[in-house]
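Q: Following is a predicted model, sequence given first.
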Amino acid sequence: MNVLLISGLGPEFPNTSLLKGSSFEALLGSTPPTGRGTPKALDLSTLYAPAAGGRIPLLRQRKEADRIRAVSSVRLQHAEQDDESAVAPHLTTFTVSAILEAAGIDHQHYPTEGIWNGGHPDPAGDFDVVLLSTTFIWDQATMAKAIGWVAERFPAAVLVLGGQYSNLKFHHILAAHPLVRFVVRGDAEVALPLLLEALRTGASPADIPNLVWRDGDTGRIRLAEVHYADLEAQPSPAPRGRYPVIPYESMRGCPFSCKYCSFPAASPKWRYKSAAKVAGDFARYRDEHGAQYVKALDSTFTVPPTRLRALLPMLAETGVEWEAYTRANSLKDRAVVESLEEAHCRALAIGFESMNDTTLGHMHKQVKASANRTAFQLLSESSIHHWISFIVGYPGETPELYADTRDFLVNEYAGHFALYVFMLNDETMPVWQDAERFGLQVFDAEGDADEWSHHGMDSATARRLQRETLRDVRWKNDRAIQRIWQHEFELPLLPDRSTAENTLVEKLVDRLGMASADFPDPVEVADRQAGLLSELATHGVTVATETVQTVRCTGT
């Protein structure tokens, strides 16, 4: 049996529409450059910086990572520069490939990026089964595009879906897309090998757990009972070969019930590995695969607190650096943060969502704004990099309530952040329980709920507040940087400079690239760009007037 696994990232990062009219939009190829003499004619690709005794482009797209590697990157500083494995494997690919290999099932892998952007040759050969991950698919149009891509190339293959989106939307997907035969719902460790064996032998799938399928005789959709994998007993997946950066999953499900999140609906039972197993996995990845850095991609790595207290001393012993998601109230005092630092934690991502207690209560976040502020202050005084996300427009939130979040971002916040407009992703979100309470209405119920209103505001108001806040933060706060265009480029921008200097340069580049989107007056845009270029010149960043020979950055 020939099996093709299609998995990877989604078609774009959230919020990329906010780059419209900016120099980043042109740089990333989504709009043609305008003529010379206009503000949008600023070509960011002409910015060059000193490195390793020569000059390199300041903005280096990630696809060039194997040629120009940032030598001061904590995660990759000891990696072989020509080794493509220096890029961390995708968690879904990592996990599903391990399941297939453990079951002795040969397969090929194709990245979903090839569906969205091209640039990857089509998979070679014929396939009996195509496994399509929907983990980074979030709307019907994207789902239809992926299924259409498979239908065009492998119309005779059995198409099997798995992942977050299909876990939640399997009824709609099976009804709308006849090509989809099966959906693996929840844990795939047991279901997927059994399904592939049944397809190979022609056996009935009726007794396979965690499966949704369309009955071949009646056309009815059938659901099997749900079984949960024992994460403690089951070996954690491991890559083939050596990878300096490895993704990790220490739990499934989530112990919390935030009303804007459908994550628990896809895996209702919260399960987690013991501290000893997690630390043992880190050490095994270090010893057997050369891992220097682990990306823990759990809903929140720092719970339960009993596990965290036992785990941190063990991770300190491994010497492996890591990053994770946490909740603000897990960071209660300096002692906790010091323990994280000693355990080699290098970065934490947190969803503050709001700085207003009323809005946080509507969300059932189970965190107060004071806990958010405490976590921010503690991390700001530590060596741990932080990335914080916020939401505007949650049902019940008024512009007056949102002002607390806006003021915090503009006047107090420092570091990387993201601000999202509230999204009604699917019908499993607990917020629907409050639809009558907040007067929640959706105006495209047959689509993906992009247009909505509630007693506090509507989606158009939320998008306006988002843009106004981001513009104010960009130009009034020297210490806060929105993460949006950075995903496409190598960081740090200046490989051989300090973190502090790189932060300054990144902020200048953010302003430089967004000036044409933020200000309508071409004269003001040109003046601001000229001033920013002068500031960048003090850091050795200049505009190339002729072709520059790029140099190679090598690790030390």
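A: Structure's in. What do you need?
Q: same question for stretch 513-533, mean pLDDT?
A: Stretch 513-533 shows a mean pLDDT of 95.
Q: Which parts of the stretch 101-250 of the chain are strands?
A: 108-111, 129-133, 158-162, 180-184, 211-214, 221-223, 245-248 (DSSP state E, counting those that start in this stretch).
Q: Next, format those strands as a markdown table and append distance to Leu424, mean neighbour count and mean pLDDT.
A: Heads up, the C-betas are built off the backbone N, CA and C, glycines and all. What follows is the strands of the stretch 101-250 of the chain, written out as a markdown table (distance: least, CB to CB, whole Å; neighbours: other CB atoms under 10 Å; pLDDT from 0 to 100):
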| stretch | distance to Leu424 | mean neighbour count | mean pLDDT |
| --- | --- | --- | --- |
| strand 108-111 | 29 | 18 | 94 |
| strand 129-133 | 23 | 25 | 97 |
| strand 158-162 | 22 | 24 | 97 |
| strand 180-184 | 22 | 25 | 96 |
| strand 211-214 | 23 | 21 | 93 |
| strand 221-223 | 24 | 14 | 91 |
| strand 245-248 | 29 | 23 | 94 |
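Q: Can you redo the ones you listed as CSV, where the extra columns are distance to Leu315?
A: Putting the strands of the stretch 101-250 of the chain into CSV (distance: least, CB to CB, whole Å) gives the following:
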stretch, distance to Leu315
strand 108-111, 30
strand 129-133, 29
strand 158-162, 30
strand 180-184, 32
strand 211-214, 37
strand 221-223, 40
strand 245-248, 11
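Q: who wins for proximity to Asp287 among those?
A: strand 245-248 (12.3 Å; CB to CB).
Q: And that closest one, what does it pack against?
A: helix 91-102, helix 275-289, strand 293-296 (3 or more CB pairs under 8 Å, 6 or more residues apart in numbering; DSSP states H and E).
Q: ok, residues contacting the last one?
A: Going back to what we said before, that points to strand 293-296. 74-76, 88, 91, 244-250, 282, 285, 320-325, 346 (CB atoms under 8 Å, 6 or more residues apart in numbering).
Q: which is the next helix or strand following that strand?
A: Counting by DSSP states H and E, the element after strand 293-296 in chain order, helix or strand, is helix 305-318.
Q: what does that next one contact?
A: 272, 274-276, 278-279, 282-283, 286, 302, 322, 330, 339-340, 342-345.
Q: so how far is Gly186 from the nearest residue to Pro178 once chain neighbours are set aside?
A: Leaving aside its sequence neighbours, Pro178 sits nearest to Arg214 (CB to CB, 6 or more residues apart in numbering; 7.9 Å). Using CB to CB, to the nearest Å, we find Arg214 at a distance of 18 Å from Gly186.
Q: and Leu5, that one's in a helix?
A: No - looking at Leu5 with DSSP: H, G, I helix; E, B strand; the rest coil, it is strand, so not inside a helix.
Q: Around it, how many other residues sit close by?
A: Per other CB atoms under 10 Å, the neighbour tally for Leu5 reads 26.
Q: need the helix or strand of the protein with the lowest average pLDDT.
A: Sorted by mean pLDDT, DSSP states H and E, the helices and strands of the chain end with helix 263-266, the least confident at a mean of 71.
Q: Show me what it is packed against.
A: With 3+ CB pairs under 8 Å, 6+ apart as the test, helix 263-266 has helix 164-176 packed against it.
Q: what is the orientation angle of the helix it packs on with strand 180-184?
A: If you take axes from the mean of the first three to the mean of the last three CA atoms, to 10 degrees, helix 164-176 sits at 150 degrees to strand 180-184.
Q: In helix 164-176, which residues are buried?
A: Across helix 164-176, burial judged by 16 or more other CB atoms under 10 Å covers Gln164, Tyr165, Ser166, Asn167, Leu168, Lys169, Phe170, Ile173, Leu174.
Q: And the contacts of it?
A: 134-135, 137-138, 140, 143-144, 161, 180, 183, 185-186, 212-214, 221, 262-263, 265-267, 425-426, 428.
Q: ok, Leu5 touching Asp106?
A: No - with contact defined as CB atoms under 8 Å, Leu5 does not count as touching Asp106 (10.8 Å).
Q: For these two, list the residues in contact with both.
A: Leu100.
Q: Just the element for Thr503, please.
A: helix 499-518.
Q: name the helices or strands packed onto the next helix or strand after that helix?
A: With elements assigned by DSSP H and E, the helix or strand that comes after helix 499-518 is helix 522-537. The helices and strands touching helix 522-537, judged by 3+ CB pairs under 8 Å, 6+ apart, are helix 499-518.
Q: between the helix it packs on and helix 522-537, how many degrees?
A: Using the same axes, to 10 degrees: helix 499-518 against helix 522-537 is 170 degrees.
Q: Now do the SS call for Val420.
A: That one is not Val; residue 420 is Tyr. Classified using three-state DSSP, Tyr420 is strand.
Q: Let me know whether it touches Thr405 as I believe.
A: No - using CB under 8 Å, Tyr420 is not in contact with Thr405; the gap is 11.5 Å.
Q: These two: who's more crowded?
A: Thr405 (25 against 17).
Q: which ones are touching the more buried one?
A: Ser354, Met355, Asn356, Thr359, Phe390, Val392, Thr469.
Q: The fourth one - nearest residue in space that isn't next to it in sequence?
A: It stands for Thr359. In space, Thr359 is closest to Glu397, 4.7 Å off (CB to CB, 6+ apart).
Q: what helix or strand is that neighbour on?
A: Judged by DSSP H and E, Glu397 forms part of no helix or strand.
Q: cool, the one 3 residues further on as well?
A: When elements are defined using DSSP H and E, Glu400 is found to belong to helix 399-411.
Q: Am I right that Arg471 is in a helix?
A: Yes - the assignment for Arg471 (three-state DSSP) places it in a helix.
Q: For Gln108, see how far away it is.
A: Relative to Gln108, Arg471 is positioned 46 Å away (criterion: CB to CB).
Q: Then Met143?
A: 22 Å.
Q: can you give me phi and psi for the residue located most distally from the centre of the chain?
A: Ranking residues of the chain by C-alpha distance from their mean position (CA atoms, centre = their mean) puts Asp217 at the top, at 40.4 Å. Main-chain dihedrals, Asp217, degrees, to the nearest 10: phi -90, psi -40.
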